[in-house]
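In: Take a look and give me a structure for this.
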Amino acid sequence: MGVLLYSTAGADSQETLYLRVAGMPGKRTKTNTMRIMLPILAAVIVLTSILLIWVCKFRGREINLENRTTIFHGGFTSGGLGEEKTSNDSELPFLKFQDILVATDNFSNVFMIGQGGFGKVYKGTLEGGQEVAIKRLSRDSDQGTQEFRNEVVLIAKLQHRNLVRLLGCCIDGDEKLLIYEYLPNKSLDAIIFNCARNAPLDWATRFKIIKGVARGLLYLHHDSRLTIIHRDLKASNVLLDAEMRPKIADFGMARIFGDNQENANTKRVVGTYGYMAPEYAMEGIFSVKSDVYSFGVLLLEIVSGIKISSVDRIPGMEPLDGWKRGRSGRQVYCGYLLTRRSFTLHPHGAFVCAGKP
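Out: Numbering: from 1, shown residues only. Model (predicted):
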């Protein structure tokens, strides 16, 4: 506002001069600025406080889960699994331990459906009605910890209709749990070695199981982006869904081979002796072919219904008498080829047995 100048004449003919000027500009500008800045400053303080609270909360959660999440970002090497390399697509959903307690009725024996060297398996029902199989690994076993690492890092990468699906995992203190799809017909050994079953498996179903296991192995050995050696293929590690479709399970002892790697050697032999190739059992040498040998033993057991892998054989019966007296044919011949003394003599068994009869 500019200067306003005006005058008036009084009764005594004297002229009075009035001068009107604008207010002090600095004071008014400062007042207006404060009116604008105060709300902005308040908003900034509020937003900053919210951001700091969120960051602190997130960082606290990240620190609490640091030891848990590293195993889900494992890299793949020929020496083993779970190396410290980032691999975001190997992550799995976490389940709360409390939800698992509810699903299994606090790990009630009523819901226990299996037991192995590294823990027990329970049937559970999650919120929403989904049925799952929950493997509770032994808290006192270092091998159980390694199995957990292997399963989480490896199975999350594999997708095949003849491999069991891993749905999630849980870590709570010393508790380590793996959550799988539930397969109602349980394991193959409970069916083929169960003399009390009312109806034995027909030959079409047996051959369907043989082909399914062979296709699963073919995927592990040749068709997946990783060359994977299972190292513990046996009847109890083949699960059956509602349609009797087989799915290979339990990858706790699995190993990954490099692109040009043909075999490996270990001083610590793991697995089930009746299914082990001689070179692996005696010298610790294993490869794709050692899985094929195990498959040959499994094939003979499926055909014969006799636990050929067991050291407790029927008195007076030769190891392969069961299938000799039972059913001969291409499956039996395939099983014989795959169980020859040296696994170097059967390099591509999965290809042979996945074909048509």
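In: which of the residues in stretch 203-222 are buried?
Out: 206-221 (16 or more other Cβ atoms under 10 Å). The way it works is simple: take the backbone N, C-alpha and C, and place the C-beta from them, glycine included.
In: Out of the residues you listed, list just those in helices.
Out: Members of these lying in helices (criterion: DSSP state H): 206-218.
In: can you give me the helices in the stretch 1-150 of the chain?
Out: Secondary structure of the stretch 1-150 of the chain (DSSP state H, counting those that start in this stretch): helices at 25-64, 66-69, 97-103, 142-155.
In: so what's the residue lying closest to residue 115 once chain neighbours are set aside up against?
Out: Residue nearest to residue 115 in three dimensions, not counting chain neighbours: residue 121, with 7.0 Å by Cβ to Cβ, 6 or more residues apart in numbering. Counting by Cβ atoms under 8 Å, 6 or more residues apart in numbering, residue 121 touches 112, 113, 114, 115, 133, 134, 135, 136.
In: Type out the PyMOL command that picks the buried ones from those.
Out: With 16+ other Cβ under 10 Å as the criterion, this PyMOL line picks the buried residues out of those:
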select buried, resi 113+114+133+134+135+136
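In: Any chance of the contacts of residue 121 in CSV with distance to residue 50 and pLDDT as columns?
Out: Putting these into CSV (distance: Cβ to Cβ, whole Å; pLDDT from 0 to 100) gives the following:
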residue, distance to residue 50, pLDDT
112, 48, 94
113, 48, 91
114, 49, 86
115, 50, 83
133, 43, 95
134, 39, 95
135, 41, 92
136, 40, 92
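In: Show me which of the contacts of residue 121 is closest to residue 238.
Out: Proximity of these to residue 238 (Cβ to Cβ) peaks at residue 114, which lies at 12.6 Å.
In: and the gap between that closest one and residue 123?
Out: Distance of residue 114 to residue 123, given as Cβ to Cβ, to the nearest Å: 9 Å.
In: Lowest mean pLDDT across the helices of the stretch 1-150 of the chain, which one is that?
Out: With a mean of 38, helix 66-69 has the lowest mean pLDDT of the helices of the stretch 1-150 of the chain.
In: So which of the contacts of residue 121 is the closest to residue 35?
Out: Nearest member of these to residue 35, counting by Cβ to Cβ, is residue 134, at 62.9 Å.
In: Next, format the ones in helices among the buried residues of stretch 203-222 as a markdown table and append pLDDT.
Out: Below are these laid out as a markdown table (pLDDT from 0 to 100):
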| residue | pLDDT |
| --- | --- |
| 206 | 93 |
| 207 | 93 |
| 208 | 96 |
| 209 | 96 |
| 210 | 96 |
| 211 | 96 |
| 212 | 97 |
| 213 | 97 |
| 214 | 96 |
| 215 | 97 |
| 216 | 96 |
| 217 | 96 |
| 218 | 95 |
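In: which of those residues lies closest to residue 149?
Out: Of all those, residue 149 sits closest to residue 216, with 21.8 Å by Cβ to Cβ.
In: Wait, the closest one touches residue 159, no?
Out: No: with contact defined as Cβ atoms under 8 Å, residue 216 does not count as touching residue 159 (11.6 Å).
In: what's near enough to touch residue 104?
Out: Residues near residue 104 by Cβ under 8 Å, 6+ apart: 111, 122, 123, 124, 134.
In: Would you state the predicted confidence (pLDDT) at it?
Out: Note on residue 104: pLDDT of 95.
In: Likewise for residue 280?
Out: Taking residue 280 on its own, its pLDDT is 88.
In: Kindly report the same for residue 195.
Out: The per-residue pLDDT of residue 195 was computed as 67.
In: ditto for residue 74
Out: pLDDT, read off for residue 74, is 39.
In: buried sites along stretch 163-178?
Out: 163, 164, 165, 166, 167, 168, 169, 170, 171, 176, 177, 178.
In: got the end-to-end distance for it?
Out: Chord length of stretch 163-178, first to last residue, is 15 Å (Cα to Cα, to the nearest Å).
In: Can you pull out the residues in contact with that stretch?
Out: Residues outside stretch 163-178 that contact it (Cβ under 8 Å, 6+ apart) are 68, 72, 92-97, 100, 132, 134-137, 139, 144-145, 148, 151-152, 155-156, 159, 179-181, 183, 216, 219-220, 239, 247-249.
In: Show me how to select, in ChimeraX, the buried members of these.
Out: Selection of buried members from the contacts of stretch 163-178 for ChimeraX, criterion 16+ other Cβ under 10 Å:
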select :72,92,94,95,100,132,134,135,136,137,144,145,148,151,152,155,156,179,180,181,183,216,219,220,239,247,248,249
